[in-house]
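[1] Fold the following, please.
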Amino acid sequence: MALTLLYILAGLFIILLVYYLGIFAGSVFGKPHETNAKRIPVSVIVYAKNNCNELRNLLPVLLNQNYHQFELVVVNNASTDDTLDLLKEYTLMYPNVRIVDVVNNETFWGNKKYAVTLGVKASKYEYIVCIDADKKIHSNNWLVQLTSHFTLNKTIILGSFFYTKKKGLFNKFFRFFHTIQQMQSLAWTKISKPYSLNLQQVAFKKEEFYKVNGFISHMQKNLFMNEYFVNDASSSKNTTICEHNEAMIEVESLNRKDFKDFKKQQLQLLSNLKGAASVKIKLFNLFQFLFFVAAIASFVTIEYWYVTLAIVVLRYIILWIIFAKAAKKFQYKDLVFYFPLFDLFYIFMQIQLFLTNLFKKSKS
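    Next up is the predicted model:
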C-alpha cells in the first residue's frame, strides 16, 4: 500500500513537472519582446462612467504619450457627475480628443459593451487600444510599447497589469492569486488558443472586431468585455502578449467582500468560455489537489516518509522559483516570502470553487 501511494505521488509529480517546466517556465523565463516602434496611427478608446476625478489624472498622461499620431476617443456612458463638462474642456484644448456621449436607451441601458461599440465605430483609425478611465498609466511610452507588438499576423494584443499594493495579508493573497492566474493564462496563450479570466487592457485591429460582430455574442452579459472578445476573436496565430514594464497599467485592488463576488463571476465566465480553456484550468488545479492528497496519504503510512518529503520539497522549490520570477514581472517581489502558505490555500480554494460549481450544476 505504501509503495503504491508513493508511485501515485511520483506520477502526479511528473505530471506537475510538465506544467511547471514545460508550460509555465517557458513563459516566465522567456526573453522579452524587442521593442520595434510602429508608425501606425492609433485610436485609444477610454471608457468612462462617472469617472471625472480619475480622468483628471489619466488624460494628461495619455495626451503626453511619446507617440507620433493618435486620437483619444473618450466614451462617456451617461455619466451623472462632471465627466462630460471635463471632456468638453479637453476638446477645446486638444484637437485629438473626441467625445462619444452615450445616452441611455431602453435596450442597452447602462451597457458598457454597447457604449464601447459606439466608440469603436466613431474611431477614425484602424488600430484600437481599449482602456477604462479608472486605470493608471505610469509611463509616457505605454502606447509605444503596447502597439509595438502589432505585425501583419499579430492583430490582437493582450496587455499586462498589476494590482495596487495595500496593507494587510488579504491584499498580499489577492496579488498572489493574480500572479498565479496570469502566469497560467500567459503561458497557455503563448502555445495555444488564448484565453483570459482577467484582462484589463486590450489592443486590436478593427477587422478582428468586425469579424466576430464585436460584442454581439455576449452583449447582454454585463461583465468581462475583453475576456469574451478574446475568446471569440483570438487564435494562436493572430494574438500575442505585451509584458513590457512600461506597457503595464495599475488597477485598484479588490477588497475581501468584492473578491468573493469576483470569484463567483469568474466561475460563470469559465463555464461560458469556448474551447479548452476551462479544461486546462480545472485539470491543473485537480492535479495539484491530488498531489497533496497523495502526499498526505503517503506520510500517514510513515514507511517512505523521507522520499515523500523529498518529492514535496522539490515540488515547492521548483514552483517557488517560477513564481518568484513571475511575481517580479508584476512588481510583486514582496509576495515571494509568503508563497508556501498562499500556494496551499490557493489550491484548496480552487477545488472548493470547482466542487461548489459542480454541485450547483447537479442540482439544477
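[2] drop to CA atoms for contacts and neighbour counts, all remaining ones
    Will do.
[3] Poorly predicted segments of the stretch 251-364 of the chain, please.
    Confidence mapping of the stretch 251-364 of the chain against pLDDT under 70 gives the ranges 350-364.
[4] try it again with 90
    The model of the stretch 251-364 of the chain has pLDDT under 90 over residues 257, 260-261, 263-290, 292-293, 296, 298-306, 329-331, 340, 343-364.
[5] All the strands of this structure, residue numbers only.
    For the chain, applying DSSP state E gives strands covering 42-48, 70-77, 97-102, 127-132, 136-137, 156-159, 161-163, 202-205, 239-242, 249-251.
[6] Tell me which of those is the most buried.
    Mean neighbour count (mean count of other Cα atoms under 10 Å) peaks for strand 156-159 among those, with a mean of 26.
[7] chain center to that strand, what's the gap?
    Remark: strand 156-159 is offset 10 Å from the chain centroid, using Cα atoms, centre = their mean, to the nearest Å.
[8] can you put the strands of the chain in a markdown table and add distance to Leu223?
    A markdown table is the format used below for those (distance: least, Cα to Cα, whole Å):
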| stretch | distance to Leu223 |
| --- | --- |
| strand 42-48 | 14 |
| strand 70-77 | 15 |
| strand 97-102 | 18 |
| strand 127-132 | 13 |
| strand 136-137 | 20 |
| strand 156-159 | 18 |
| strand 161-163 | 18 |
| strand 202-205 | 15 |
| strand 239-242 | 22 |
| strand 249-251 | 16 |
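[9] can you tell which of those is closest to Gly26?
    Nearest to Gly26, of all the strands of the chain, is strand 239-242, at 14.0 Å by Cα to Cα.
[10] can you pull the contacts of the residue of the chain most remote from its centre?
    Distance from the C-alpha centroid of the chain, by Cα atoms, centre = their mean, peaks at Glu303 (44.0 Å). Residues near Glu303 by Cα atoms under 8 Å, 6 or more residues apart in numbering: Ala2.
[11] To what extent is the closest residue to Ser278 other than its chain neighbours buried, counted in neighbours?
    What sits nearest to Ser278 in space, not counting adjacent residues and going by Cα to Cα, 6 or more residues apart in numbering, is Leu270, at 5.7 Å. For Leu270, the count of nearby residues is 18 (other Cα atoms under 10 Å).
[12] just Ile302 next, same as before
    Residues near Ile302, counting by other Cα under 10 Å, number 11.
[13] same deal with Ser271?
    Neighbour count of Ser271, defined by other Cα under 10 Å: 12.
[14] The one 10 residues further on now?
    By the other Cα under 10 Å criterion, the neighbourhood of Ile281 contains 16 residues.
[15] ok, now Ser278?
    16.
[16] I'd assumed Ser271 was in contact with it.
    Yes. Look at Ser278 against Ser271 with Cα atoms under 8 Å: they come within range, at 6.8 Å.
[17] any chance you could map the helices in the stretch 151-300 of the chain?
    Using DSSP state H, counting those that start in this stretch, the helices of the stretch 151-300 of the chain run over 169-191, 206-211, 225-233, 256-272, 277-301.
[18] try the stretch 1-150 of the chain
    Counting by DSSP H, counting those that start in this stretch, the stretch 1-150 of the chain has helices at residues 2-17, 25-28, 52-63, 83-93, 112-122, 142-147.
[19] For Ala297, give me its contacts.
    Ala297 touches Leu5, counting by Cα under 8 Å, 6+ apart.
[20] Contacts only, for the nearest residue to Phe204 once chain neighbours are set aside.
    Excluding its sequence neighbours, the residue lying closest to Phe204 (Cα to Cα, 6+ apart) is Ile156, at 4.3 Å. Contact partners of Ile156, counting by Cα under 8 Å, 6+ apart, are Phe150, Val202, Ala203, Phe204, Lys205, Glu208, Ser234, Asn238, Thr239, Thr240.
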